[in-house]
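Enquirer: For reference, the sequence and a predicted model appear below.
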Amino acid sequence: MPANTASALRLAFFWFGIQAIWGALLGISLQARCAQIAGSHAIILYGEIATSGAIVAACVQLLVGPWSDRRRAAGSRRLEFYVAGALLGAAALIWFYAADGAASLLCAYAAVQAGLNVAIGPYQAAIPDAVEPSRTGYASGWMAGFQSGGNAAGALLATAVGNPLLLAATLGALLLLGCAVTSTALRGWTLQSVSVVPMRLSRAFAILFASRVALFAGLYTLLGYLFFYVLDYVARDASKARVVDGIFVLGFTLAGAAGAAIAAKPSDRYDRRNVASVGGAVVVVALALFVAGRTPIVAVPAILLAGLGWGVFLAADWALACRIIPAHAAAGAMAVWNLGVIVPQIIAPLLTTVVLARFDMLGTSGPAAAFALAGLEMLLGIWLLRRLPAASLRE
């Protein structure tokens, strides 16, 4: 049981490896690979691949979550899902970085999404599986810390490692090492009694879920088109853009960690809807700076401000979820909740591509227009948060 730092660290280590891959792919490598393969049509290819991969992720989560619950009820520790997901994910990374065509890149990215999502749903049930209720906050804190650390490590690796196969091998090694450390630790722990709590789709849950989808759509539009913004307005060279984009994503991640730390106590003391709304509003201001400025001088403070605001939102978002979702939600319920992150990965690139094509903005004006759309998505999410009934959040 995670009664101390060492055991909590072992439980969370797999999350570090998973998040390192997302930190490398979602903000840097996927966009850079699209630029290598599609050239001036990269923004269109990115939209197609990102949307397809997210659809695969959603389907896998919904299939694997209930399956792992049945395995858990039969005595499994769900470790078979960890191992299968890690092995498939590591192999798919090699394919992704070696792909030499649009179709191959699309299939490779879908394989990465499939592999990681085989593991993610069952793994997110590790805390209710293995940790006593009185210690879940401590274990969750380590998971959150390793998420930020993994994202930062992935962004740094994607920026600093120039050899694509070496990058794939390094990310795959982190994933497999994390799987091994966490799986070994869980083998020796006594599991909690099985208690599958059904997900109740209350009005409060529906509103919170919708707001989460809108806000995360804004996030994925920002991160998804940041590389193209940097290429058009900051670096103006594909190789330099990859490095600058990596630095920006790293800055966003670190600023997000700071924002989450700042918002931790206010999320307990004040109305969490207000804290989350303030965080979202800060991101909207940052997006407005991006759209209006379009220069390196404006872009640097804008990305840091966006990260800070997003960190504030995340701290309150998780606190809101803890009031509405059952505390011991099993993997099946987690799969439904995770759709609040996966659905925006489908919506963001698809909607952005449609809007940019409709208004003939797939050229150099595209990234700025995408950021304007991200601001509207964020504003919709904030508006929905304000509709959340106060009665559902009372202690």
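Expert: Sure, I can see it.
Enquirer: Return the helix or strand in the protein with minimum mean pLDDT.
Expert: When each helix and strand of the chain is scored by mean pLDDT, DSSP states H and E, helix 126-130 comes last, with a mean of 72.
Enquirer: Okay, helices next: where are they in the stretch 1-150 of the chain?
Expert: Assigned by DSSP state H, counting those that start in this stretch, the helices in the stretch 1-150 of the chain fall at 5-24, 30-38, 42-73, 79-98, 102-124, 126-130, 136-160.
Enquirer: how about low-confidence regions in the stretch 251-395 of the chain?
Expert: 264, 267-269, 318-319, 321-335, 362-364, 391-395 (pLDDT under 70).
Enquirer: before we move on, the earlier item: which other helices and strands does the least confident helix or strand of the chain contact?
Expert: helix 5-24, helix 136-160, helix 164-187 (3 or more Cβ pairs under 8 Å, 6 or more residues apart in numbering; DSSP states H and E). Heads up, the C-betas are built off the backbone N, CA and C, glycines and all.
Enquirer: deepest of the ones you listed, which one?
Expert: Of all the helices and strands packed on helix 126-130, helix 5-24 carries the top mean neighbour count, a mean of 23, counting by mean count of other Cβ atoms under 10 Å.
Enquirer: Tell me how far it lies from the chain's centre.
Expert: 14 Å (Cα atoms, centre = their mean, to the nearest Å).
Enquirer: Could you do stretch 62-73 as well?
Expert: Distance, centroid of stretch 62-73 to centroid of chain: 22 Å (Cα atoms, centre = their mean).
Enquirer: and if you look at stretch 90-99?
Expert: Per Cα atoms, centre = their mean, the displacement of stretch 90-99 from the mean C-alpha position of its chain is 20 Å.
Enquirer: Could you tell me the average pLDDT over that stretch, please?
Expert: Regarding stretch 90-99, the rounded mean pLDDT is 97.
Enquirer: What lies in contact with that stretch?
Expert: Outside stretch 90-99, the residues within contact range by Cβ atoms under 8 Å, 6 or more residues apart in numbering are 21, 25, 29, 33, 37, 104-105, 107-109, 111-112, 114-115, 164-165, 167-169, 171-173, 175-176.
Enquirer: same thing but 6 Å
Expert: With contacts defined as Cβ atoms under 6 Å, 6 or more residues apart in numbering, stretch 90-99 is touched by 105, 108-109, 111-112, 115, 164-165, 168, 171-172, 175-176.
Enquirer: can you put these in CSV and add pLDDT?
Expert: Compiled in CSV, the contacts of stretch 90-99 are given as follows (pLDDT from 0 to 100):
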residue, pLDDT
Leu105, 97
Ala108, 97
Tyr109, 97
Ala111, 97
Val112, 97
Gly115, 96
Pro164, 93
Leu165, 94
Ala168, 97
Leu171, 97
Gly172, 97
Leu175, 97
Leu176, 97
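Enquirer: From those, pick the one nearest Thr51.
Expert: Within these, distances to Thr51 taken as Cβ to Cβ reach their minimum at Tyr109, with 10.6 Å.
Enquirer: I'd like the distance between that closest one and Leu186.
Expert: Between Tyr109 and Leu186 the computed distance is 29 Å (Cβ to Cβ, to the nearest Å).
Enquirer: Need the CA coordinates for stretch 89-103. PDB is fine.
Expert: Extracted C-alpha coordinates of stretch 89-103, given in PDB (Å, rounded to 0.1, in the frame of the first residue of the first chain):
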ATOM      1  CA  GLY A  89       2.800   0.900 -27.500                       C
ATOM      2  CA  ALA A  90       6.600   0.500 -27.500                       C
ATOM      3  CA  ALA A  91       6.500  -1.400 -30.800                       C
ATOM      4  CA  ALA A  92       4.100   1.000 -32.400                       C
ATOM      5  CA  LEU A  93       6.500   3.900 -31.500                       C
ATOM      6  CA  ILE A  94       9.200   2.400 -33.600                       C
ATOM      7  CA  TRP A  95       6.800   2.200 -36.500                       C
ATOM      8  CA  PHE A  96       5.600   5.800 -35.900                       C
ATOM      9  CA  TYR A  97       9.000   7.300 -36.100                       C
ATOM     10  CA  ALA A  98      10.100   5.200 -39.100                       C
ATOM     11  CA  ALA A  99       6.900   5.700 -41.100                       C
ATOM     12  CA  ASP A 100       7.700   7.100 -44.600                       C
ATOM     13  CA  GLY A 101       4.200   7.800 -45.900                       C
ATOM     14  CA  ALA A 102       0.800   9.300 -44.900                       C
ATOM     15  CA  ALA A 103      -1.000   6.000 -44.700                       C
END
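Enquirer: Just the buried residues of it, please?
Expert: Residues of stretch 89-103 classed as buried by neighbour count (16 or more other Cβ atoms under 10 Å): Gly89, Ala90, Ala91, Ala92, Leu93, Ile94, Trp95, Phe96, Tyr97, Ala99, Ala102.
Enquirer: now swap in stretch 251-259 and tell me
Expert: Buried residues in stretch 251-259 (16+ other Cβ under 10 Å): Gly251, Phe252, Thr253, Leu254, Ala255, Gly256, Ala257, Gly259.
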